[in-house]
Each structure stands twice: as structure tokens, then as C-alpha cells.
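J.: Next come a sequence and a model predicted from it.
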Amino acid sequence: MNSQTWWFVARASGITAWALATLSVLWGMALATRVFGRDVTAPWLLDLHRFLGALTVTFVVVHMAGLFLDQYVHFSLSDLLVPYSTTWRPEAVAWGIVAFYVLLAVELTSLVMKRIPKKVWHTIHLSSFGLYVMSTIHLLLAGTDAPNLALRVAAIASMGLMLFFFLYRFIGPGKVESVKTSGKAARRPAGNPLGA
Ligand code: HEM
Ligand code: HEM
């Protein structure tokens, strides 16, 4: 095995994790704003969102495992989990570590969402916007591939989409459909655990 294999694994899985996190946030906003229509009840819409979330966590874990196993720039367990513990681009890496904790909080609270107050779940869920921002800063500061044109175009395109959906969700027509403002079970598509 090439001595840099794990480093390549870490980089490829990092890019995949970032793309999946971005898609999870965008799909979540599409769900919350009922962009597919108020009467769309297909359970696969939520299932796909759940799947994207779980896949994001999986790829972040692969990303971290790749860094741990790599002998090119060696990361210890504390370097992986404690911000500013590593001497390798500490600030750039810290953004990724904090993003990882936010992702864990969003995912774990979602797995037990039926057992915790809806407001608590939703407040934590909204921190995934911060997760997107932090992981994008992390990509641009830490990534060896950050100067790559395709990756830059993807990052800029994602920011445009995010801004559009964000305005649509919090200022535009999507606002009235949000979990925060509606609170009415009748508006929830069947199969949505929030509507239970
Ligand atoms: C088991 C995992 C997850 C479940 C069950 C879940 C569930 C949901 C549900 C039901 C909604 C729609 C809320 C509504 O109807 O108004 C939603 C929205 C959303 N989700 Fe998730 N989600 C999960 C994971 C994730 C992850 C990992 C992310 C981010 C990386 C994420 C980001 C979002 C965002 C940004 C919204 C829109 C929130 C809003 O604008 O109010 N979700 N999620
Ligand atoms: C939500 C969590 C995370 C996401 C989405 C993410 C994503 C990324 C992305 C997209 C890159 C650029 C890859 C490249 O340019 O080829 C990267 C690089 C990197 N990440 Fe993360 N990361 C996350 C968490 C972490 C954590 C917890 C660590 C812990 C140390 C970490 C350490 C690194 C390092 C050292 C690099 C540089 C590798 C390179 O040269 O490209 N990341 N990450």
C-alpha cells in the first residue's frame, strides 16, 4: 500500500462528507418549507434526508479514521477530538472538529426526536446551518484540494443555493410552513415524526 493511501482516503472522504452535509441541509430546508407541496406525503422524502444525515456521519468518521491511520501527517486521538491540539494547521482543523460535534448533536438528537421536546430538537437541528458554514471554512482553509477549480466552483455554487433556500425559508414563502411558526399537526405530511 502506498504510504499516502490513508491521506488520500482522508481527503476523498472529507470532500464526500462536506458534499453530503451540504445536501442534508438543503434537503432539510426543502422538507421544512414544503417545497414539494403541502400535500406531498411520500415518506421517502424524509427517509432520504435521514439517509443523507447518516451517510454524512459515516464519511466524517472515515475522514477521521483516515487521518488517524495516516503516517504522512500523524494525528493522535486528541489531535482529532480536541481543537488546537494538533500543530498541523490548528485553526483550520479546529473548524472541522467543532463541525463534527455539531453534526453529532444534530444526528443523535434526531435519532431520539420522539423522546425529547420538539422545540429542543428543532433548536439543535437549526445549528446545522452553522455546521455547513464551519465545514465550508474548514474545507477552504485545511483542504489540500481547496485551490482546485472544481471544488471552488462547488463551494461557491453551494453558498448560492444555501443563501437562496435560507432567504426562502426564513423570509420568503417557506417561512409560513416552518416547524417553528406553524406548530399545527394538520400541516405536517403524514409519516413526518414531527406531526405525531
Ligand atoms: C436521523 C437523522 C435526521 C432526522 C430524523 C431529521 C429530521 C428532520 C425533519 C423531520 C425535518 C423537517 C422539519 C419540518 O418538517 O419542518 C428536518 C429538517 C432539517 N434537517 Fe434534518 N434530520 C436528520 C438529520 C439531519 C442532518 C444530519 C442535518 C444536517 C447535516 C439536518 C439538517 C436539517 C435542516 C437544515 C432542516 C431544515 C430545518 C428548518 O429549516 O426548520 N438534518 N430534519
Ligand atoms: C463535519 C465534519 C467535517 C467535514 C465535513 C470535513 C471536511 C473536510 C474537507 C472537505 C476537507 C478538504 C479535503 C481536501 O482538500 O482534499 C478536509 C480536510 C481536512 N480535515 Fe476535515 N472535515 C470534518 C471534520 C474534521 C475533523 C473532526 C478533523 C480532525 C482533525 C478534520 C481534519 C482535517 C484535516 C487535517 C484536513 C486536511 C487534509 C487535506 O490536506 O486535504 N476534519 N475536511
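T.: Received the coordinates, thanks. Ligands and ions are numbered 1, 2, ... in the order given.

J.: Can you pull the poorly scored residue ranges out of this structure?
T.: For the chain, the stretches flagged by pLDDT under 70 are 1, 38-41, 176-196.

J.: swap the cut-off to 50 and go again
T.: Residues of the chain that meet the criterion pLDDT under 50 lie in 179-196.

J.: Go ahead and flag the most central residue of this structure.
T.: Against the mean C-alpha coordinate of the chain, by CA atoms, centre = their mean, the closest residue is residue 21 at 3.0 Å.

J.: OK, contacts around residue 5?
T.: Going by CB atoms under 8 Å, 6 or more residues apart in numbering, residue 5 touches no other residue. The C-beta positions use only the backbone N, C-alpha and C, and glycine is treated the same way.

J.: try 10 Å this time
T.: 66, 69-72 (CB atoms under 10 Å, 6 or more residues apart in numbering).

J.: State the pair within the residues you listed that is farthest apart.
T.: 66 and 71 (11.5 Å; CB to CB).

J.: Of the two, which one has the most company?
T.: residue 66 (20 against 10; other CB atoms under 10 Å).

J.: Secondary structure class of the nearest residue to that one once chain neighbours are set aside, three-state.
T.: Nearest residue to residue 66, sequence neighbours excluded (CB to CB, 6 or more residues apart in numbering): residue 10, at 3.2 Å. Per DSSP: H, G, I helix; E, B strand; the rest coil, the secondary structure class of residue 10 is helix.

J.: Contact partners for residue 10?
T.: 4, 62-70, 72-73, 75, 144.

J.: how about JSON lines for those residues, with secondary structure and distance to ligand 2 added?
T.: Formatted as JSON lines, the contacts of residue 10 follow (DSSP: H, G, I helix; E, B strand; the rest coil; distance: CB to the nearest ligand atom, whole Å):
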{"residue": "4", "secondary structure": "coil", "distance to ligand 2": "11"}
{"residue": "62", "secondary structure": "helix", "distance to ligand 2": "11"}
{"residue": "63", "secondary structure": "helix", "distance to ligand 2": "5"}
{"residue": "64", "secondary structure": "helix", "distance to ligand 2": "5"}
{"residue": "65", "secondary structure": "helix", "distance to ligand 2": "11"}
{"residue": "66", "secondary structure": "helix", "distance to ligand 2": "9"}
{"residue": "67", "secondary structure": "helix", "distance to ligand 2": "5"}
{"residue": "68", "secondary structure": "helix", "distance to ligand 2": "9"}
{"residue": "69", "secondary structure": "helix", "distance to ligand 2": "13"}
{"residue": "70", "secondary structure": "coil", "distance to ligand 2": "9"}
{"residue": "72", "secondary structure": "coil", "distance to ligand 2": "9"}
{"residue": "73", "secondary structure": "coil", "distance to ligand 2": "7"}
{"residue": "75", "secondary structure": "coil", "distance to ligand 2": "6"}
{"residue": "144", "secondary structure": "coil", "distance to ligand 2": "3"}
